[in-house]
Structure formats: structure tokens, C-alpha cells
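J.: here's a sequence, model it:
(one chain, ligands or ions: 1)
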Amino acid sequence: MLAAVVVVVFSVSPSPVSSVPHISERPAAEKAQPHSTGSARICDTANFRVESHSLRCDARTVADRCESLRKHLQLKWLGAESSETWSARCIVVVHARRETYQAAIGRGGEQTFGSSIVKFQGDRPSDRRIDLLVDRAGTLSALGHELTHMVIADAFPGSQPPAWANEGAAVLADSVAKQQLHKRDLDQSFRSRTFFHCAELMQMADYPSADRVPAFYGQSASLASFLVTIGGSEKFVPFLKQASDHGYDHALQESYGIRGMAELQHRWNGHHSATNAWPRLAAAEPRF
Ligand SMILES: [Zn+2]
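T.: Modelled structure (predicted):
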């Protein structure tokens, strides 16, 4: 009997409430790619098939960037680059126009620049897909965010990582400017009292209502940033697994020496209040 198909849809990558300045990245047409085969329109590498519908994005360049980012994110979040290729090659579709992007991803496509989905057959991913919309500067600003979801999905076969952790880690791959706007949304949530207590955020089974989405993304990223600051990125996924098995209080003590949710709340409050603590961490990320 065939195993049930589990569809894991990761939230689209929303823009913060404020508009995002554009960050210049490498030009699209750059150099021949030694490990890829294909054209400016379609390119295959070991782990990706890139389909570019934008004249501003060469599929070979995007595919090469995907492979580099995958290695970097595996090392960062899973502790080591995987020697195995993905059994289901990840389809990356680059859209030139919002209309086609929105038609491809459906709800959430009005204001976002990236979306990703993984389908599992049993505990093995059977389909991976990322849709990206080229921004006005001709860049794929959501690529790192969506690929973070893909890499973290490998650590949770057939299930979903906690929403706060999945989005928090992914936001840390966004540009510094975008992260600063998420932080601004978080600051605003304190004024509007739409913020979450840490326990509430971490135990949410799903995404919040629309009015709390800005707080959700800002606070998830801040909390992920805090835990990465004190324990390093390689402890983050094992911490989540331990929490799934034994609860957050136990996992916080074992992974970070934090005595439960109350102490986490206290220490995170201090982290959030520290001037520019979160953007400084993000600035250390390599750019692709
Ligand atoms: Zn996301």
C-alpha cells in the first residue's frame, strides 16, 4: 500500500509592514557554470531544476547560487553539508510578473516574493518546489528564506517543524534591511499589544490571524536569533527535536542551560531590548 502523501506548505515569505529597500546582488548573467547543464531559461544541477521566466535572471546563475546556498544552509542548520543529493530535485520557478507568481502560489501572492512547498511520501520528500518573484531591482530577495525552509524540512521528515522556528530561521537569511523592518514590526507589536509571550509563540500549532502576522514574524526571528546567539546555529534543530520529544522546558535546560519558559521569557526580553542585537547578527551572514 502506498504511504500517505503529506503535503507541507511553508508560509510564503511576507514583506514586513514597511516597504523593503532593494539590495543589489550579483548581476544575473555572470559566468559559465561548471556543474550545471542547461540554458538561460532552464538549468539542471544535482539538486535543482531552475525554470526562469525572467530575462533578468539567468537560470544557470540562479541554479549555481541555489547549490551554494544549500551547502551553506545545511552546514549552518544541520551541522554538516550532506553528501547525498536530494532524491526529489527541487524545482525553482522564477517569475517575472506578479500575475504569474500569484497564479502559481495562490493565497499570499499579492504581497510576497517567495513561496515553497514540500510533499512527503512516507518520510521521504517526493516533491520540492520554490516559486520566486523577481523584485524591482532584478534580484531574488526571497531565495535564502525559502531555501532555509527546504533545508530544515530535511530534519523533520514527514512532519512540520514548529512554525515559529521555521520562519524565525528563514528570516535570518533575509537581507539585513528586511530583518530590520521585521524588528520594527516587532517593536510596533509591543505598542499595539499584539505581541506573543514566548510560551504562546513556541507552542502555536499554526500561523496566527492576519493582524498578528507582523508580530509573529518579528518575534519568531528575534527568538531564533537569541537562541543562535547563545548556542550557535548547530544547536537549534536538535533543540527543536528535543522539545518535540520532551517538551520545551526540558529542551531549554538541556540545550541552553535555561531553566524553563519563564527564564527564557526574561532573557529574551533583555535580548530584544539590547540595541541592534539582532541586525548585528544578521550582518555577519554571507551574501549570495
Ligand atoms: Zn517563510
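J.: Provide the secondary structure category for the residue of the stretch 51-200 of the chain found nearest the ion.
T.: Relative to the ion, the nearest point of the stretch 51-200 of the chain is residue 170 (4.4 Å; C-beta to the ion). Quick note: C-beta positions are derived from backbone N, CA and C, even for glycine. In three-state terms, and counting by DSSP: H, G, I helix; E, B strand; the rest coil, residue 170 is helix.
J.: what is the neighbour count of it?
T.: Residues lying near residue 170 (other C-beta atoms under 10 Å) number 29.
J.: isn't it up against residue 143?
T.: No - at 10.9 Å, residue 170 does not count as touching residue 143 under the criterion of C-beta atoms under 8 Å.
J.: so how far is residue 40 from residue 61?
T.: Here residue 61 is placed at a distance of 9 Å from residue 40 (C-beta to C-beta, to the nearest Å).
J.: between these two, which one's more packed in?
T.: Neighbours were counted for residue 61 and for residue 40 using other C-beta under 10 Å; residue 61 has more, 22 against 16.
J.: double-check that residue 269 belongs to a helix.
T.: Yes - using three-state DSSP, the assignment for residue 269 is a helix.
J.: in contact with the residue lying closest to residue 267 once chain neighbours are set aside, which residues?
T.: Distances taken as C-beta to C-beta, 6 or more residues apart in numbering put residue 258 closest to residue 267, at 6.6 Å, once the chain neighbours are dropped. Residues in contact with residue 258 (C-beta atoms under 8 Å, 6 or more residues apart in numbering) are 252, 264, 267.
J.: now do the helices in the chain.
T.: With DSSP state H as the criterion, the chain has helices at 59-78, 98-105, 143-153, 163-171, 176-192, 198-202, 213-231, 236-246, 248-256, 260-273, 277-283.
J.: the ion contacts on the stretch 51-200 of the chain?
T.: For the stretch 51-200 of the chain, the residues in contact with the ion (C-beta under 5 Å from the ion) are 167, 170.
J.: show me where the stretch 51-200 of the chain dips below the pLDDT cut-off.
T.: By pLDDT under 70, the stretch 51-200 of the chain contains no weakly predicted segment.
J.: and the helices of the chain: which comes nearest residue 136?
T.: Among the helices of the chain, the nearest to residue 136 by C-beta to C-beta is helix 98-105 (11.0 Å).
J.: same for that closest one, what does it pack against?
T.: Under the contact definition 3 or more C-beta pairs under 8 Å, 6 or more residues apart in numbering; DSSP states H and E, helix 98-105 sits against strand 90-95, strand 124-133.
J.: closest one of the contacts of residue 258 to the ion?
T.: For the contacts of residue 258, the nearest to the ion is residue 264 (22.7 Å; C-beta to the ion).
J.: any idea how far that closest one is from residue 223?
T.: Residue 264 is 8 Å from residue 223, by C-beta to C-beta.
J.: what residues are shared contacts of the two?
T.: residue 198.
J.: now for residue 224: which residues touch it?
T.: By C-beta under 8 Å, 6+ apart, the contact list for residue 224 reads 164-165, 168-169, 171-172, 236.
J.: what's the distance between it and residue 230?
T.: Distance from residue 224 to residue 230, counting by C-beta to C-beta: 11 Å.
J.: residues in contact with residue 48?
T.: Going by C-beta under 8 Å, 6+ apart, residue 48 touches 63, 66-67, 70, 89-92.
J.: buried ones among these?
T.: Buried members of the contacts of residue 48, scored by 16 or more other C-beta atoms under 10 Å, are 63, 66-67, 70, 90, 92.
J.: the residues you listed into CSV, with extra columns for distance to residue 243?
T.: Listed next are the buried ones among the contacts of residue 48 as CSV, based on distance: C-beta to C-beta, whole Å:
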residue, distance to residue 243
63, 35
66, 30
67, 31
70, 25
90, 27
92, 31
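J.: hang on, the earlier thing: would you turn the contacts of residue 258 into TSV with distance to residue 80 and pLDDT?
T.: Conversion of the contacts of residue 258 to TSV gives the following (distance: C-beta to C-beta, whole Å; pLDDT from 0 to 100):
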residue	distance to residue 80	pLDDT
252	24	98
264	28	96
267	29	94
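J.: pick out the residue nearest the middle of the chain.
T.: Closest to where the C-alpha atoms of the chain average out (C-alpha atoms, centre = their mean) is residue 170, at 2.3 Å.
J.: what about the closest residue to residue 230 other than its chain neighbours, distance to residue 204?
T.: Nearest residue to residue 230, sequence neighbours excluded (C-beta to C-beta, 6+ apart): residue 256, at 5.8 Å. Separation of residue 256 from residue 204 (C-beta to C-beta) stands at 20 Å.
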